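Visitor: Would you be able to build a 3D model of this:
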Amino acid sequence: MKKIFLNKSVYELTEEYPELISILKEMGFLGVANPVVRNTLGRKMTIPGGCKKQGKQLEDVISKLIENGFEIE
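Guide: Coordinates of the predicted model:
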């Protein structure tokens with residue numbers, strides 16, 4: 001199973017699991033699809049931080065990731 005550590009940056013996670021880009025984009029995190037944004041802001045931003053910034057519920061994002069075969073750590 002693919003493990004996601006919520007303390008890792010979005011950049012690190014999308015490098016490890018490129019399929020996360022489309023999953024996160026579908027959930028409204030549009031910047032993740034832009035390589036420049038992912039390479040700059042994504043190096044400092046975590047999924048919980050992105051949820052807070054965009055006003056999304058972390059639990060909803062975690063549920064979607066689990067539906068897509070990820071295990072959350």
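Visitor: what are the ranges of the strands in the protein?
Guide: With DSSP state E as the criterion, the chain has strands at 2-4, 70-72.
Visitor: Identify the residues contacting the residue nearest to Glu12 when sequence neighbours are not counted.
Guide: Spatial nearest neighbour of Glu12, excluding adjacent residues (C-beta to C-beta, 6 or more residues apart in numbering): Arg43 at 8.0 Å. Glycine gets a C-beta too; all of them are placed from N, C-alpha and C. Residues counted as contacts of Arg43 (C-beta atoms under 8 Å, 6 or more residues apart in numbering) are Ser9, Tyr11, Glu12.
Visitor: same question, Ala33
Guide: Counting by C-beta under 8 Å, 6+ apart, Ala33 touches Ile21, Ser22, Lys25.
Visitor: Try it again at 7 Å.
Guide: Going by C-beta atoms under 7 Å, 6 or more residues apart in numbering, Ala33 touches Ile21, Lys25.
Visitor: And Ile23, by the same measure?
Guide: Listed by C-beta under 7 Å, 6+ apart, the contact partners of Ile23 are Lys64, Leu65, Asn68.
Visitor: Just give me the neighbour total for the last one.
Guide: Other residues within reach of Asn68, judged by other C-beta atoms under 10 Å, total 14.
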